[in-house]
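Asks: Next one to model:
(one chain, ligands or ions: 1)
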Amino acid sequence: MELIETPLKDCWLIKNTIIGDERGYFLESFNHRKFSNLTGWEGQFVQDNQSASGYGVVRGLHFQRGEFAQAKLVRVLLGKVLDVAVDLRSDSPSYGMSFSVELDESNEYQLFVPRGFAHGFSVLTEKAVFFYKCDNYYNKASESGIHPFDPTLNIQWKIDPATAILSAKDKEAQSWQQYLAEL
Ligand SMILES: Cc1cn([C@H]2C[C@H](O)[C@@H](COP(=O)(O)OP(=O)(O)O[C@H]3O[C@H](C)C(=O)[C@H](O)[C@H]3O)O2)c(=O)[nH]c1=O
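Replies: You can find the predicted model right below:
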């Protein structure tokens, strides 16, 4: 397991140790002791989530507010996605910045998205199965989001906005300017 810093403070790429042999491969997808020693993160994951999506789906940008904020360790079990994290921590040197990285079923990389970030992904293959660990439970009442095609954030999802497939909730999500106005 190798830690690779991203331009966003505390948001790390994890390069997995993949052990291949004539049968295929093995990897430790998560090891708390190794992860904690490598990152200094002292949290505990309490909920695992998994979703499957077709080509052109964009899920996000989502976050849970306040005490219900979630750190996530995200990876892809099938297919390929463009994963995006946005730093919402107003005291962070990377506040308002986004980071995008392609994650795929090779599982060469995972992305750690800390609490205080918005997160989303676009699906770049016919199907993608997405798996992530969360360090806080789902809390619907604290859920919020920012429109994934917000012009200010200008995230390049590698998906045509005209044909992107979004949930009704995401289609109606607030803009970055509206988010700032409500702080
Ligand atoms: C997140 C979540 C959702 N749900 C229920 C609520 C809905 O009935 C259904 C689908 O929820 P939603 O449309 O919010 O699912 P996604 O669009 O994949 O949401 C996720 O999208 C991006 C990628 C994220 O990072 C978040 O973890 C998460 O918000 O699952 C649950 O029961 N538990 C949960 O933890």
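
Asks: what's T6 in contact with, if anything?
Replies: The neighbours of T6, taking Cβ atoms under 8 Å, 6 or more residues apart in numbering as the test, are W12, L13, A85, F99, V101, L111. C-beta coordinates here come from the backbone N, C-alpha and C atoms, glycine included.

Asks: ok, now S51?
Replies: For S51, the contact set (Cβ under 8 Å, 6+ apart) comprises R59, V129, F130.

Asks: hmm, back to that, which of the contacts of T6 are close to the ligand?
Replies: By Cβ under 6 Å from any ligand atom, no member of the contacts of T6 lies near the ligand.

Asks: Now list the buried members of the residues you listed.
Replies: Buried subset of these (neighbour count, 16 or more other Cβ atoms under 10 Å): W12, L13, A85, F99, V101, L111.

Asks: The strand or helix carrying D48: which residues count as buried?
Replies: Using DSSP states H and E, D48 sits within strand 47-54. Along strand 47-54, these residues count as buried under the neighbour rule (16+ other Cβ under 10 Å): S53.

Asks: now swap in stretch 94-101 and tell me
Replies: By neighbour count on 16+ other Cβ under 10 Å, the buried set for stretch 94-101 is S94, M97, S98, F99, S100, V101.

Asks: May I have the phi/psi pair for D170?
Replies: Reported as degrees, to the nearest 10, the phi and psi values for D170 are phi -70, psi -30.

Asks: do the same with T39
Replies: Dihedral angles (degrees, to the nearest 10) for T39: phi -100, psi -20.

Asks: Could you pull up the residues touching W176?
Replies: G96, I146, H147, D150, T152, L153.

Asks: Need the pLDDT of the residue nearest to it when sequence neighbours are not counted.
Replies: If the residues on either side of it in the chain are set aside, W176 comes closest to T152, at 4.2 Å by Cβ to Cβ, 6 or more residues apart in numbering. Here, the pLDDT recorded for T152 equals 96.
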